[in-house]
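**Q** what shape does this take:
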Amino acid sequence: PPRTAARAGGLMAVTFGASLIFTVLPPLLPALAEHFGGGETGEFSAQLGLMMPSLGWLLGGALAGLVLPRVGMRNMIIGGIVLTGISGAAGALAATPVTFAITRFVVGVAGSFMVTAVVVVLANIYDDNDRPKMIGYQKASSGLAAIPVGLASGAIAMAFGWRAPFVLYVAFGVLGAILAFFATPKSEARTQAVQSEPGVLGRLWPLLVLIFFIHILPMMGVAQLPFLLRSHGITSPGSLSLVFSLGGILLSIGALCSGYLQARFGPWRVLSAGLLLAAAGYVSVGLAPSAAVAVVGNAVAILGCGLYFPQYITLPLSRVSPAGRGKAIGLSQTAMYLGSTINPVLLAPLRNQLDYDGTYVVVGTIVGLATLSAIAIAAFRRAGRQRVAPAS
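**A** Numbers count the residues shown, from 1 in each chain. Okay, the predicted model is just below:
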């Protein structure tokens, strides 16, 4: 119905705030690294600003399924928006890496509450046939929002300094809260009775482990790429914002296609295709002789990530009842951002030995070989079942 579609569109617009969490900062990373002392220490402090929201999202995702039924959908969405605006803007005032990290951690907690509640509302108002497409639209809308946000962040930083782009959080806090108030359906706005479904974690843990590992990949295109491009001569916030905007476009294209491809080929084939694209793209980034080739390789990888992003939500939701949706979405968010949080730490030994380009080659190769091995194992098992069926 038109009213339902309008509300869904409004809620998807609310999740634009999730793009703020990770797209305002990347064009500012070199400037932040200098602000925090330069060298490897400055680089790590700047990357910490990307890592800490993931850590906050990790904790928030684990708590969201418990908090949501007690406060209601609308209150949780609006509260998350307001807290995102306040804590995000506070990053501009941080004088030390520690205070900056704290503000970024709170941004992650607030974002997880907001997005979990929005996705639960979307899952409640759409059926199993339409839900994958709507989740794809939601992921695509966040990716599209990264384009103007990234461009605005780079342009504002070039004109007024690296602190100025944090004002974007203030604008979202005000406008997003107003939009959420009107977009949340009345049936979802009331505080609901506490519902729980036992055994959600037991059913989902294999998926959660998979989500953890594969979400390390998209963070490479944010946390490591600016420093790899610096070796090719790209350092300005404006140029970096253009690179990340291209990534946002392709992430959105992949997410938009994901729901339709899943209906035709099944979720696991789409997931495998996305992983293979990401692996090939990142290998080409590491081997790139120029900045242009590296940017194209990263674009291919982000397109692949866009193909499998919506399945972070659709696959867990397919394994639980409506009463377990909040927990399922919250746990999937926790797995995602655990992968994001551990990205700089996990890849640091590789980076120290092989630099950024070698790290891309090794990670891409491992992911590609692991995906091809999984496809081969699944094919052998399917062939075995087909041989057994006629005999029985």
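**Q** next, count neighbours for Phe44.
**A** For Phe44, the neighbour count with other CB atoms under 10 Å is 16. Any C-beta I mention is one placed from the backbone N, CA and C, and that applies to glycine too.
**Q** isn't it right next to Arg351, touching?
**A** No - the criterion here is CB atoms under 8 Å, and Phe44 misses it with Arg351 at 10.5 Å.
**Q** longest helix in this protein, please.
**A** helix 325-391 (DSSP state H).
**Q** show me what that helix is packed up against.
**A** With contacts defined as 3 or more CB pairs under 8 Å, 6 or more residues apart in numbering; DSSP states H and E, helix 325-391 has these neighbours: helix 39-71, helix 97-125, helix 200-214, helix 216-223, helix 225-230, helix 267-287, helix 311-317.
**Q** the helix or strand just after the second one vs helix 97-125, what angle?
**A** Using DSSP states H and E, the helix or strand that follows helix 97-125 towards the C-terminus is helix 131-160. Relative orientation of helix 131-160 and helix 97-125, computed by axes from the mean of the first three to the mean of the last three CA atoms, to 10 degrees: 150 degrees.
**Q** list the buried residues for helix 131-160?
**A** Going by neighbour count (16 or more other CB atoms under 10 Å), the buried part of helix 131-160 is 131-147, 149-158.
**Q** so which elements touch it?
**A** Helix 131-160 sits against helix 2-14, helix 16-23, helix 97-125, helix 167-183, helix 237-265, helix 291-308, helix 311-317, with contacts defined as 3+ CB pairs under 8 Å, 6+ apart.
**Q** packing partners for the fourth one?
**A** Yep, that's helix 167-183 we're talking about. Using 3+ CB pairs under 8 Å, 6+ apart, the elements in contact with helix 167-183 are helix 2-14, helix 16-23, helix 73-90, helix 131-160.
**Q** can I get these in a markdown table including distance to Gly254 and mean pLDDT?
**A** Shown next, in a markdown table, are the helices and strands packed on helix 167-183 (distance: least, CB to CB, whole Å; pLDDT from 0 to 100):
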| stretch | distance to Gly254 | mean pLDDT |
| --- | --- | --- |
| helix 2-14 | 16 | 73 |
| helix 16-23 | 15 | 78 |
| helix 73-90 | 25 | 90 |
| helix 131-160 | 8 | 79 |
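**Q** Ser258 versus Leu354, what's the distance?
**A** Noted for Leu354: a distance of 32 Å to Ser258, by CB to CB, to the nearest Å.
**Q** so, low pLDDT: which residues of the stretch 151-300 of the chain?
**A** Residue ranges of the stretch 151-300 of the chain with pLDDT under 70: 186-198.
**Q** let's see it at 50
**A** Across the stretch 151-300 of the chain, the ranges flagged by pLDDT under 50 are 191-194.
**Q** returning to that earlier point: arrange the helices and strands packed on helix 167-183 in JSON lines, one row each, with distance to Trp268 as further columns.
**A** As requested, the helices and strands packed on helix 167-183 are arranged in JSON lines below (distance: least, CB to CB, whole Å):
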{"stretch": "helix 2-14", "distance to Trp268": "26"}
{"stretch": "helix 16-23", "distance to Trp268": "26"}
{"stretch": "helix 73-90", "distance to Trp268": "31"}
{"stretch": "helix 131-160", "distance to Trp268": "13"}
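**Q** ok so, going back, using CSV, please lay out the helices and strands packed on helix 131-160 together with distance to Gly202 and mean neighbour count.
**A** Formatted as CSV, the helices and strands packed on helix 131-160 follow (distance: least, CB to CB, whole Å; neighbours: other CB atoms under 10 Å):
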stretch, distance to Gly202, mean neighbour count
helix 2-14, 30, 16
helix 16-23, 28, 26
helix 97-125, 20, 24
helix 167-183, 33, 18
helix 237-265, 25, 21
helix 291-308, 23, 23
helix 311-317, 13, 24
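**Q** name the nearest residue to Arg7, ignoring sequence neighbours.
**A** Nearest non-adjacent residue to Arg7, counting by CB to CB, 6 or more residues apart in numbering: Ala183, 5.1 Å away.
**Q** and what of Ala110?
**A** Ala110 sits nearest to Leu83 (CB to CB, 6+ apart), 3.7 Å away.
**Q** tally of neighbours for the one you found?
**A** Quick note: Leu83 (other CB under 10 Å) scores 18 neighbours.
**Q** check the secondary structure at Gly233 for me.
**A** Per DSSP: H, G, I helix; E, B strand; the rest coil, the local secondary structure of Gly233 is coil.
**Q** and the closest residue to it other than its chain neighbours, how far from Gly154?
**A** Nearest in space to Gly233, with sequence neighbours left out and distances taken as CB to CB, 6+ apart, is Ala291 at 6.5 Å. Between Ala291 and Gly154 the distance is 16 Å, computed by CB to CB.
**Q** and Gly60, how far is that from Leu50?
**A** For Gly60, the distance to Leu50 - CB to CB - is 16 Å.
**Q** neighbour-wise, which of the two wins?
**A** The neighbour comparison of Gly60 against Leu50 (other CB under 10 Å) goes to Gly60, with 27 against 22.
**Q** which ones are touching that one?
**A** Applying CB atoms under 8 Å, 6 or more residues apart in numbering, one finds that Gly60 lies in contact with 108-113, 116, 330, 333.
**Q** between those, which is nearest Leu277?
**A** Of all those, Leu277 sits closest to Gln333, with 23.4 Å by CB to CB.
**Q** for the closest residue to that closest one other than its chain neighbours, give me its contacts.
**A** Of all residues not flanking Gln333 in the chain, Gly61 sits nearest, at 3.3 Å (CB to CB, 6+ apart). Going by CB under 8 Å, 6+ apart, Gly61 touches 112, 116, 329-337.
**Q** among the residues you listed, which one sits closest to Ser236?
**A** Using CB to CB, those come closest to Ser236 at Tyr337, 29.0 Å.
**Q** with that, I have no additional questions.
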